[in-house]
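# Fold the following, please.
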Amino acid sequence: MRNKLSLDDYQAVRALTSNGSFRAAAENLGVSPSSLSRQIGAIEECLGTRLFDRDTRNVVPTAQGLLLADIAERMLNTADNGMVEFESYLAVRNGRLVIAGLPSVTTSLLPSLLQRFTLEHPNVDLRILDTLSDSVLHAVESGEADIGFTAGTVGTRARLSFHRILDDEFVAVGTSDGPLAEDRSYAWSELLDMPFIAMARGTSVRELLDGACLSIGRVLEPRFEVAHLATAGALVAQGLGVTALPTLTLPVLGATRLVLRPIPDFGAKRRIGLVWSSGRTLSPAAQSFLDLARAIPMRDLGVFSFL
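Predicted coordinates:
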């Protein structure tokens, strides 16, 4: 004996109540009258009560039948609305997307990508986590974020997938009346002989700065060491030194009186890429955003117009 009703059972009760005869209700449901009669009988046996009074011509719901018909209407409406919501989710008409990224990416590449994404999917709820590279990887690996923008690669994290989207070149940053006043290219060794403002250890930028120093047998000895790009920009703008930064970080500096100079022999580039979990199926919204980000050449987004 069944201990609960199925959606088919609720449909049978609703159809019989609204049509008033087994023949009409069966035709509406696409079944035979005898099959519907057996189904209603099984429902009544399951519930231990009569739902319909029958005679040779009419089928009339009892008080219990009317109550169950009302419940059936609500249950079926809920199921229909649920399927509409689910189909909208699959079609990326709703849903939620969490993106983690380096601040230099969330202030440069990401806004243009989100503009395109939201034009196609305006009802997807979006959350942005701007954080350091290791934290981006952790957020994606733990499931806190669906997709991340990071620098470098995923290393030994086997559960993460990485797709390179661009290589971010370093430039020298100074003021027009400082050590970089002359409008020309500068050798990396020249910059190291100037008062240098470096990003803190543990950042993706600092790792590349230290690596570039090792490649020419030098050790980075900064005049100032800072954790935030805006601080580096403020110190440079004040004339306290120069720095070398990837081009995507430049909008974060927040200073207007800075000059940029090429460093042809710097040697290193910051590899920017998308990262996502290879062990979990992406949500439709996340998959749609990933497809968009992988398809668009990043330099078409206009984020390098300040160079």
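# Could you chop the protein up by domain?
The record's domain parsing of the chain by automatic domain parsing lists 7-88, 96-166+270-301, 168-269.
# what mean pLDDT does the last one have?
Predicted confidence along domain 168-269 averages 93 (mean pLDDT).
# Start and end of it, how far apart?
One end of domain 168-269 sits 5 Å from the other (Cα to Cα, to the nearest Å).
# Let the chain start at 778 from now.
Sure thing, new numbering starts at 778, so read that last one as domain 945-1046.
# Output the domains of the chain as a markdown table; include the columns mean neighbour count.
For glycine as for every other residue, the C-beta is placed from the backbone atoms N, C-alpha and C. Below are these laid out as a markdown table (neighbours: other Cβ atoms under 10 Å):
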| stretch | mean neighbour count |
| --- | --- |
| domain 784-865 | 15 |
| domain 873-943+1047-1078 | 18 |
| domain 945-1046 | 18 |
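# Give the residue farthest from the middle of the chain.
Note on the chain: the largest C-alpha distance from the chain mean falls to residue 833, namely 61.9 Å (Cα atoms, centre = their mean).
# gap between it and residue 877?
For residue 833, the distance to residue 877 (Cβ to Cβ, to the nearest Å) stands at 70 Å.
# swap in residue 820?
51 Å.
# Now do the contacts for residue 983.
Residue 983 makes contact with 975, 976, 977 under the criterion Cβ atoms under 8 Å, 6 or more residues apart in numbering.
# Could you export those as TSV, including secondary structure and distance to residue 1050?
Supplementary listing: the contacts of residue 983 in TSV, determined by DSSP: H, G, I helix; E, B strand; the rest coil; distance: Cβ to Cβ, whole Å:
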residue	secondary structure	distance to residue 1050
975	strand	24
976	strand	19
977	coil	22
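# nearest to residue 929, of those?
residue 976 (14.3 Å; Cβ to Cβ).
# For the stretch 978-1084 of the chain, just list every one of the helices.
Ranges of helices in the stretch 978-1084 of the chain, per DSSP state H, counting those that start in this stretch, are 981-992, 1006-1014, 1061-1072.
# These: which one's closest to residue 865?
By Cβ to Cβ (comparing all of these), the closest turns out to be helix 1061-1072, at 9.7 Å.
# Okay, now the unreliable bits of the stretch 828-977 of the chain?
Within the stretch 828-977 of the chain, the stretches with pLDDT under 70 are 931-933, 935.
# What ranges does it have for its strands?
Here the stretch 828-977 of the chain has its strands, by DSSP state E, counting those that start in this stretch, at 829-831, 836-838, 873-878, 902-907, 924-928, 937-952, 974-976.
# Show me what the second one is packed against.
Contact here means 3 or more Cβ pairs under 8 Å, 6 or more residues apart in numbering; DSSP states H and E; on that basis strand 836-838 packs against helix 784-796, strand 829-831.
# so which of those comes closest to residue 1047?
Per Cβ to Cβ, nearest to residue 1047 of the helices and strands packed on strand 836-838: helix 784-796, 54.8 Å.
# What's the first helix or strand after that closest one?
helix 799-806 (DSSP states H and E).
# roughly how far out does the helix or strand hosting residue 818 sit from the chain middle?
Taking DSSP H and E as the criterion, residue 818 maps to helix 810-824. Relative to the centre of its chain, helix 810-824 is centred 49 Å away, using Cα atoms, centre = their mean, to the nearest Å.
# Can you spell out which helices and strands pack onto that helix?
helix 784-796, helix 799-806.
# Out of those helices, which gets nearest to residue 989?
Of those, nearest to residue 989 by Cβ to Cβ is helix 784-796, at 65.1 Å.
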